[in-house]
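S.K.: dropping the sequence and predicted coords here.
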Amino acid sequence: MELLPALECLEDEYNSVEQQLTTQEVLGDPSRLRELSVRHSELLPAMEKLARYREHLSTRDDAATMLESTKDAEMREFLELELAEAEAAIEEMQSDLLLLLVPPHPMRNRNAIVEIRAGTGGDEAALFAGDLFTMYEQFVLKHGWSVDVISVSEGAMGGYKEVIFRAEGQGAFGRLKHESGVHRVQRVPATESQGRIHTSAATVAVLPEAKDVDIALNPGDLRWDTFRAGGPGGQSMQKNETAVRVTHEPTGIAAASRDERSQMQNREKALTVLRARLYEHEQRKQTEEIDAQRRAAVKSGDRSEKVRTYNFPQDRVTDHRVGLTMHNLPEIMTGAIDPLLDALAEDERQQRLAQLTETL
């Protein structure tokens, strides 16, 4: 694959998007209009770089042609300098231009469904899961997005055995998708009387919110179960079976919601989580069928992968995937995780760039 023809494919997409943005069909569809507007803004810098690249190519070709036909020493010196400068500029642009060819994740601009579950470590793991929820909640709010809690199962000593929420905002999934995996904490638990450091863990799964057009659900494939939402007892106990669980029988994948007082609202939230899980299931299956090794190379975020350690005694956070260590743990736990996310995004870009380079 040559670089310029590949870049011209992006130009074709840009022209197509521009044309679609003027049609009544798109102008009358707010969702489609927003989607195309975002893609247009993503492609615009690529078009500017492509224009500069073409200028350098033209300068190089013109200088080379003139060098073949002139014998004037002074003119040849000028043309050789111009040719060298153009070739240097072309070479310098190669990496940036290649990155333009790395296709963005198709679901990058979707809301994110974030699932946090306590792992090994008992009550301390549940407390840590609660800390992670607070960290992500603060991160989401700092970016001007919103948090919609879908399902909560509280731990006996506080925190959560499981908490599922939706991060609602343009690009939430694209920003948070690298958080999937096992998060490990090392600290002295509040229940530890001898001051010993314990190691606990929680798993995080970040899924894109899937829409009806992404996952077609056959109502006949769904089994619904209802139960009473957990409560503190007494007069506060919900007497009606408002909590629901929906199971997709062909795959066995299930989702539950108990946070709302209305069964209808819980059904809607359970379906939201189910669609996200089914989308992830289908994407993972396709990826494994296409190329299992490539999936590992781009760090798919498999839940069994230990991704990060939070060491409180040493005020240290280490992301094992990129070898990044930071020493501002209290700030990070208040949602200041952008440096970690930036490093992970850059690592993914560089790995995908290396793969793309091999095909050129």
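M.R.: Received the coordinates, thanks. Numbering: from 1, shown residues only.
S.K.: mind jotting down where the strands sit in the stretch 51-200 of the chain?
M.R.: 112-118, 146-154, 160-168, 181-187, 198-208 (DSSP state E, counting those that start in this stretch).
S.K.: next, the angle from the second one to strand 160-168.
M.R.: If I follow you right, that is strand 146-154. 170 degrees (axes from the mean of the first three to the mean of the last three CA atoms, to 10 degrees).
S.K.: any chance of the strands of the stretch 51-200 of the chain in CSV, with mean neighbour count, distance to P219 and mean pLDDT too?
M.R.: For glycine as for every other residue, the C-beta is placed from the backbone atoms N, C-alpha and C. Below are the strands of the stretch 51-200 of the chain laid out as CSV (neighbours: other CB atoms under 10 Å; distance: least, CB to CB, whole Å; pLDDT from 0 to 100):
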stretch, mean neighbour count, distance to P219, mean pLDDT
strand 112-118, 25, 21, 92
strand 146-154, 17, 21, 92
strand 160-168, 22, 23, 93
strand 181-187, 21, 34, 93
strand 198-208, 22, 22, 90
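S.K.: closest one to E87 among the ones you listed?
M.R.: strand 198-208 (42.2 Å; CB to CB).
S.K.: neighbouring strands of the closest one in the sheet, and parallel or not?
M.R.: Using DSSP bridges, the strands paired with strand 198-208 are strand 112-118 (antiparallel), strand 181-187 (antiparallel).
S.K.: residues touching the first one, excluding its own?
M.R.: Residues outside strand 112-118 that contact it (CB atoms under 8 Å, 6 or more residues apart in numbering) are 125-126, 128-129, 132-133, 136, 150, 155, 159-167, 172-173, 175-177, 179, 202-209, 272-273, 276.
S.K.: quick check: the gap between R117 and A125.
M.R.: 9 Å (CB to CB, to the nearest Å).
S.K.: what sits in contact with each of the two?
M.R.: What both R117 and A125 touch, as defined by CB under 8 Å, 6+ apart, is the set A202.
S.K.: any chance of the strands paired with strand 198-208 in TSV, plus distance to M75?
M.R.: Listed next are the strands paired with strand 198-208 as TSV, based on distance: least, CB to CB, whole Å:
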stretch	distance to M75
strand 112-118	60
strand 181-187	61
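S.K.: closest to D62 out of these?
M.R.: strand 112-118 (49.6 Å).
S.K.: ok so, going back, and the strands of the stretch 51-200 of the chain: which comes nearest N266?
M.R.: strand 146-154 (8.8 Å).
S.K.: give me the sheet partners of that closest one and which way each runs.
M.R.: Here, using DSSP bridges, strand 146-154 pairs with strand 160-168 (antiparallel).
S.K.: outside of the partner strand, which residues touch it?
M.R.: By CB under 8 Å, 6+ apart, strand 160-168 touches 111-118, 126, 129-130, 133, 136-137, 140, 145-155, 173, 176, 209, 272-273.
S.K.: what ranges do the helices span in the stretch 1-150 of the chain?
M.R.: 3-20, 24-27, 30-69, 73-100, 122-142 (DSSP state H, counting those that start in this stretch).
S.K.: how about the stretch 201-350 of the chain?
M.R.: 263-297, 329-332, 338-359.
S.K.: what does the average pLDDT come to for the first one?
M.R.: So the one you mean is helix 263-297. For helix 263-297, mean pLDDT is 73.
S.K.: go on, stretch 123-139?
M.R.: Rounded mean pLDDT across stretch 123-139 is 95.
S.K.: I figured A255 was touching R267, is that so?
M.R.: No: using CB atoms under 8 Å as the test, A255 is too far from R267 to be in contact (10.4 Å).
S.K.: more neighbours, the two?
M.R.: Set A255 next to R267 and count neighbours by other CB atoms under 10 Å: A255 wins out with 24 against 17.
S.K.: and that one, what does it touch?
M.R.: Going by CB under 8 Å, 6+ apart, A255 touches R245, V246, A270, L271, V273, L274, R277.
S.K.: since we're on the fourth one, how many residues are nearby?
M.R.: A count of neighbours around L271, defined by other CB under 10 Å, yields 19.
S.K.: go on, the one 4 residues further on?
M.R.: Under the neighbour criterion other CB under 10 Å, R275 is assigned a count of 23.
S.K.: I'd say it and A210 touch.
M.R.: Yes: using CB under 8 Å, R275 is in contact with A210, at 3.9 Å.
S.K.: ok, the residue nearest to T272 when sequence neighbours are not counted to L353 distance?
M.R.: The shortest distance from T272 to any residue other than its chain neighbours is 6.5 Å, reached at E209 (CB to CB, 6 or more residues apart in numbering). As defined by CB to CB, E209 lies at a distance of 28 Å from L353.
S.K.: with L21 instead?
M.R.: 29 Å.
S.K.: likewise G28?
M.R.: From G28 to L353 the distance is 39 Å (CB to CB).
S.K.: neighbour count winner among these two?
M.R.: Using other CB under 10 Å as the criterion, G28 and L353 rank with L353 on top: 15 against 9.
S.K.: contact partners for the more buried one?
M.R.: Taking CB under 8 Å, 6+ apart, one finds S95, L98, L99, V102 in contact with L353.
S.K.: so what's it scoring on pLDDT?
M.R.: 77.
S.K.: now it: how far from A254?
M.R.: 39 Å.
S.K.: show me what contacts A210?
M.R.: M107, R110, R275, A276, L278, Y279.
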